[in-house]
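Trainee: For reference, the sequence and a predicted model appear below.
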Amino acid sequence: RSVAAAAAAGLGSNAVMWASLYSVATTGGGLPAGPFGVVGLVEGVSYLLVVGLAGAALYGKVSTGSGLPFLSEARGERPGGLLGAAEGLSCLSV
């Protein structure tokens, strides 16, 4: 379950980050803050998650040679394709 949650968070964060970057490119500013600053908060957390996923992937590559799927293999689960997609997008984004 935690691997699926990490994959969903990673893919969602990448989508928010790329929407923010598109907004910066077209308007000169990030996403609007939204009510109570919730959109701005999600935007900031998304950037942190993308950088965190890329850092975790780098750590996994250096220590085990396999990137993020080591998280699921350590629990005896098979590696998820969505987690690999989130890892790849995060590394490309950084």
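Mentor: In hand now; what should we look at? Numbering: from 1, shown residues only.
Trainee: Would you mind measuring from L31 to A56?
Mentor: Distance, L31 to A56, using Cβ to Cβ, to the nearest Å: 25 Å. (C-beta placed from N, C-alpha, C; glycine too.)
Trainee: do the same with L92
Mentor: 15 Å.
Trainee: Looking at those two, which has the bigger crowd around it?
Mentor: Ranked by neighbour count (other Cβ atoms under 10 Å), L92 and A56 place A56 first, with 18 against 10.
Trainee: What average pLDDT does the host helix or strand of that one get?
Mentor: For A56, the element it lies in under DSSP states H and E is helix 38-63. On average, the pLDDT along helix 38-63 is 91.
Trainee: so how far is it from its chain's centroid?
Mentor: Centroid displacement of helix 38-63 relative to its chain, using Cα atoms, centre = their mean, to the nearest Å, is 5 Å.
Trainee: Renumber starting at 7 from here on
Mentor: Fine by me, first position is 7 from now on; the one you just mentioned is helix 44-69.
Trainee: So which other helices or strands are in contact with that helix?
Mentor: Secondary-structure packing of helix 44-69 (3 or more Cβ pairs under 8 Å, 6 or more residues apart in numbering; DSSP states H and E): helix 8-33, helix 76-79, helix 87-99.
Trainee: let's go with 7 Å and repeat that
Mentor: helix 8-33, helix 87-99 (3 or more Cβ pairs under 7 Å, 6 or more residues apart in numbering; DSSP states H and E).
Trainee: Go through the longest one and flag the buried ones.
Mentor: Counting neighbours by 16 or more other Cβ atoms under 10 Å, one finds that the buried residues in helix 8-33 are V9, A12, A13, A15, G16, L17, S19, N20, V22, M23, S26.
Trainee: I figured the third one hits G90, correct?
Mentor: What it means is A13. No: in this structure, A13 is not within contact of G90 by Cβ atoms under 7 Å, at 8.4 Å.
Trainee: still on that earlier bit, TSV please, covering the helices and strands packed on helix 44-69 and showing mean pLDDT and distance to S69.
Mentor: Output for those, formatted as TSV (pLDDT from 0 to 100; distance: least, Cβ to Cβ, whole Å):
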stretch	mean pLDDT	distance to S69
helix 8-33	90	17
helix 87-99	83	15
